[in-house]
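> no FASTA, just this:
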């Protein structure tokens, strides 16, 4: 499976505290056909939901990002990819 990951300037600047974990979650959710993924901090955890705010997974005791981040699936016919972006960049 060829799946690319790209990110906007805002996500590049804010960074991620554990890209390996974020990408592993992304691939897992891709296999479950999730096309819109939201990473948000709730308490000390990162809660991952779909675009309709349905709970997908919780990462305990870790904030992956400093603010909410979306990952949106795309397929241009040649490449399948997720774009990481801040909601304000949508």
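Now that the structure is in, tell me what you want to look at. As the structure is a prediction and not an experimental result, all values here were calculated from the model.

> wait, what's in contact with residue 30?
Contacts for residue 30 (Cβ atoms under 8 Å, 6 or more residues apart in numbering) come out as 3, 73, 82. C-beta here means a position set from N, CA and C on the backbone, and glycine is covered the same way.

> so which of these is the most crowded?
For those, neighbours were counted using other Cβ atoms under 10 Å, and residue 82 has the most, 24 neighbours in all.

> Quickly find the element holding it.
Assigned by DSSP states H and E, residue 82 belongs to strand 80-85.

> Also residue 74?
According to DSSP H and E, residue 74 maps onto strand 69-75.

> who's in contact with that strand?
With Cβ under 8 Å, 6+ apart as the criterion, strand 69-75 contacts 11, 14, 16, 26, 30, 34-39, 80-87, 90.

> Report the central residue of this structure.
residue 71 (3.9 Å; Cα atoms, centre = their mean).

> Just give the closest residue to that residue, not the sequence neighbours.
residue 37 (4.2 Å; Cβ to Cβ, 6 or more residues apart in numbering).

> Might you report the residue contacts of that neighbour?
Going by Cβ under 8 Å, 6+ apart, residue 37 touches 25-26, 29, 48-51, 56, 70-72, 82.

> Buried ones among the residues you listed?
25-26, 29, 48-49, 70-71, 82 (16 or more other Cβ atoms under 10 Å).

> how far away is residue 45 from residue 2?
31 Å (Cβ to Cβ, to the nearest Å).

> who has more neighbours, those two?
Higher neighbour count among residue 45 and residue 2: residue 45, with 15 against 7, using other Cβ under 10 Å.

> ok, the more buried one to residue 16 distance?
From residue 45 across to residue 16, the span is 15 Å (Cβ to Cβ).

> Bridge partners for residue 47, pull those for me.
For residue 47, the beta-bridge partners under DSSP bridges are residue 40, residue 58.

> Quick check: it touching residue 40?
Yes: the pair residue 47 / residue 40 is scored as a contact, 5.5 Å apart, by Cβ atoms under 8 Å.

> Low-confidence stretches in the protein?
Within the chain, the segments meeting pLDDT under 70 span 1.

> ok, 90 please
The chain contains residues with pLDDT under 90 at 1-2.

> How far does the longest helix seen in it sit from its chain's centre?
Looking across the chain with DSSP state H, the single longest helix is helix 19-31. Taking Cα atoms, centre = their mean, to the nearest Å, one finds the center of helix 19-31 at 8 Å from the center of the full chain.
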